[in-house]
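Q: Here is the input, now give the coordinates:
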Amino acid sequence: MPLVLWDIDHTLIDTRGVGRELSAAAFAEVTHQPMREQANIDGITEAVIFRETAKIHGLTTDRVDFERFAQALTRQHVAHGAELRERGCALLGAAAALDALAVAGVRQTVVTGNVRPVAEIKLGVFGLDTHIEWDAGAYGEDADLRPALVDLALTRSSTVAADAVLIGDTPADVEGGLKNGVHVIAVATGRSSTVELREAGAHDVLNDLTDVNRLLGLITGRM
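A: Got it, this is the predicted structure:
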C-alpha cells in the first residue's frame, strides 16, 4: 500500500491567524519580549522559525530555548483549542480526501513543520486526525529542513520512496519530496500559485482538495 505524507498548514487546515497569535504568546513567554515580527513561515519548521524570529529580535537561542518554546506553544494550543476551532477551518475537501484514502487502504501520516503535540491538536480540533499514523510521521522538532523530515518519515514508516506520495502547498514541500525520490502532489491552497508549484517541480498540481476522485486516482493509480 502507498503511504501519503500530508503537510498540515494551508494543505489540510487554515488557522486564519490564530496560529501566529499563539506563537507570539509562546515567544513572549520564553524570551520575555513581545514578538514584533515573525520570520518567514512558509514550509519552514518550527525550530527554524523560532531561531530566525529570535535573531530578528537580537536574540541568540539554543536547543533548550526551542524546547521551552515548543512546550509553551503546546500549552497555548491546548488552552485556545476552542478559539482555533471557531476562527480556523479545515480546508475544503480535506476530510473527504482523508476518508476516501482510508477506505482505499492507503496509509496516511504527516510531514510537518509543527511540533508533534501541536500537529495532533490542530488536526484533532477539526476532526482530521482519525486516519493519521502519528508514529510514522516527522515533525518540526525532528530536523530543520523538509528533505530530512521526509527521509525520517520514510524510515519510521518502513516505506520506500517509490511507494510514497507527498501532498503539500509550498515549494519547500515539493523540494522535500523530490530530494527523496517521492512523488509530489502540490495544492495551491496556500500562498504559492499553481505556476510556482509547477516550477518547483511538483509532479501534479491541484487547485485544492475538492476533487477527491481525481486525488484518489493520482494516488491509487500508483498502487
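Q: other SSEs contacting the longest helix along the chain?
A: Longest helix in the chain by number of residues (criterion: DSSP state H): helix 63-79. Packing partners of helix 63-79 (3 or more Cβ pairs under 8 Å, 6 or more residues apart in numbering; DSSP states H and E): helix 18-31, helix 46-56, helix 116-125. C-beta: built from backbone N, CA, C; applies to glycine.
Q: Tell me which of those is the most buried.
A: helix 116-125 (a mean of 21; mean count of other Cβ atoms under 10 Å).
Q: contacts for that helix?
A: Under the criterion Cβ atoms under 8 Å, 6 or more residues apart in numbering, residues 8-9, 12-13, 15, 46, 70, 73-74, 77-78, 81, 84-85, 88, 110, 112, 114, 129, 132, 134, 137, 139, 141 lie in contact with helix 116-125.
Q: and these, which are buried?
A: Neighbour-count burial (16 or more other Cβ atoms under 10 Å) applied to the contacts of helix 116-125 gives 8-9, 12-13, 15, 46, 70, 73-74, 77, 84, 88, 110, 112, 114, 129, 132, 137, 139, 141.
Q: Go through those and flag which are in helices.
A: Applying DSSP H to the buried ones among the contacts of helix 116-125, the entries found in helices are 46, 70, 73-74, 77, 84.
Q: Low-confidence stretches in this protein?
A: Filtered on pLDDT under 70, the chain yields the residue ranges 223.
Q: Domain-wise, how is it divided?
A: Following automatic domain parsing, one finds the domains of the chain at 3-14+89-220, 18-85.
Q: buried ones in stretch 100-117?
A: Residues of stretch 100-117 classed as buried by neighbour count (16+ other Cβ under 10 Å): 100-101, 106-117.
Q: same check, this time on stretch 216-223
A: Neighbour-count burial for stretch 216-223, counted by 16+ other Cβ under 10 Å, picks out 216, 218-220.
Q: Then stretch 199-207?
A: By neighbour count on 16+ other Cβ under 10 Å, the buried set for stretch 199-207 is 200, 202-206.
Q: Tabulate those residues (JSON lines), appending distance to Arg156 and secondary structure.
A: JSON lines is the format used below for the buried residues of stretch 199-207 (distance: Cβ to Cβ, whole Å; DSSP: H, G, I helix; E, B strand; the rest coil):
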{"residue": "Ala200", "distance to Arg156": "25", "secondary structure": "helix"}
{"residue": "Ala202", "distance to Arg156": "24", "secondary structure": "coil"}
{"residue": "His203", "distance to Arg156": "23", "secondary structure": "coil"}
{"residue": "Asp204", "distance to Arg156": "25", "secondary structure": "strand"}
{"residue": "Val205", "distance to Arg156": "27", "secondary structure": "strand"}
{"residue": "Leu206", "distance to Arg156": "26", "secondary structure": "strand"}
